[in-house]
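[1] build the 3D model from these lines:
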Amino acid sequence: MEVKAKLNNFRMSPRKVRLAAGLMRGKTVAVAKEQLRFSAKWAAKPLLKLLASAVANAQNNFGLAEDNLYIKTITVDGGPTLKRWMPRAHGRATPLNKRTSHITVTLTEIKPTAQADKTDKVEKEADVKLETVKVNEIKETKTKKDKQDLNGPAKPHKTEGSAKRGFTGKVFQRKSV
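    Numbers count the residues shown, from 1 in each chain. Next up is the predicted model:
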């Protein structure tokens, strides 16, 4: 089972982030955390947080154990570039490109568990429960319609007749109507 986590618009150039991301590619989660913890790169701290987020996704959403996960892929793509200008000599200006990164981490299991079968069963049970709820709602609406038919047709509201008579009919309304 694959688990993903993304970090978008990280304000560091992809070239610098790829250096830190290469330290963790293909390693287990525990080894990757140690590599990042003792790395001197500035990108290591956000990558460590992203890895922790991916592990939390695996544990909470799929019930996977942290020690059974490894980093299958980690991609660092370029995000939008903030274009700024810097004043230089003789009234000139030179461009500054402030680059951003999109980082995606994919974790997979070292030894596959039977968890995939369990999730399929849970989804099937949820579908069955949803169908029974829908059937019960249909039955309730049918019984409400039957009760309305027994009581006879609904009485029209008094304002319907006065709307046909116009403004004077609404103002000078008789009580017998």
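
[2] which parts of the chain belong to which domain?
    3-84+95-112, 114-152 (automatic domain parsing).

[3] highest mean neighbour count out of these?
    Most buried of the domains of the chain, by mean neighbour count (mean count of other C-beta atoms under 10 Å): domain 3-84+95-112, with a mean of 16. Any C-beta I mention is one placed from the backbone N, CA and C, and that applies to glycine too.

[4] least confident secondary structure element in this protein?
    In the chain, no helix or strand scores lower on mean pLDDT, DSSP states H and E than helix 159-165, which sits at a mean of 56.

[5] re earlier: weakest of the domains of the chain in terms of mean pLDDT?
    If the domains of the chain are sorted by mean pLDDT, domain 114-152 sits at the bottom with a mean of 61.

[6] correct me, but Thr104 touches Lys4?
    Yes - counting by C-beta atoms under 8 Å, Lys4 is a contact partner of Thr104 at 6.4 Å.

[7] pLDDT on stretch 87-94, on average?
    96.

[8] so which bits of it are buried?
    For stretch 87-94, a neighbour-count test (16 or more other C-beta atoms under 10 Å) marks nothing as buried.

[9] that one: end-to-end distance?
    7 Å (C-alpha to C-alpha, to the nearest Å).

[10] in the protein, which spans are strands?
    Using DSSP state E, the strands of the chain run over 3-10, 69-78, 82-87, 93-98, 101-109.

[11] listing partners with orientation, what would you give for the last one?
    So that's strand 101-109. Paired with strand 101-109 in the same sheet, following DSSP bridges, are strand 3-10 (antiparallel), strand 69-78 (antiparallel).

[12] helices along the chain, start to end?
    14-21, 29-37, 44-62, 115-151, 159-165, 167-171 (DSSP state H).

[13] for the third one, packing partners?
    Translated: helix 44-62. strand 3-10, helix 14-21, helix 29-37, strand 69-78, strand 101-109 (3 or more C-beta pairs under 8 Å, 6 or more residues apart in numbering; DSSP states H and E).

[14] contacts for that helix, please.
    1, 3-5, 7, 10, 12, 17, 20-21, 23-24, 29, 32-33, 36-37, 64-66, 69, 71, 103, 105-107, 115, 119 (C-beta atoms under 8 Å, 6 or more residues apart in numbering).

[15] which one is Gly26 nearest to, not counting chain neighbours?
    Ile71 (6.4 Å; C-beta to C-beta, 6 or more residues apart in numbering).

[16] residues touching the one you found, list them.
    Contacts of Ile71 (C-beta under 8 Å, 6+ apart): Met24, Arg25, Gly26, Lys27, Thr28, Val29, Ala32, Leu51, Val105, Thr106, Leu107.

[17] how near is it to Gly63?
    From Ile71 across to Gly63, the span is 19 Å (C-beta to C-beta, to the nearest Å).
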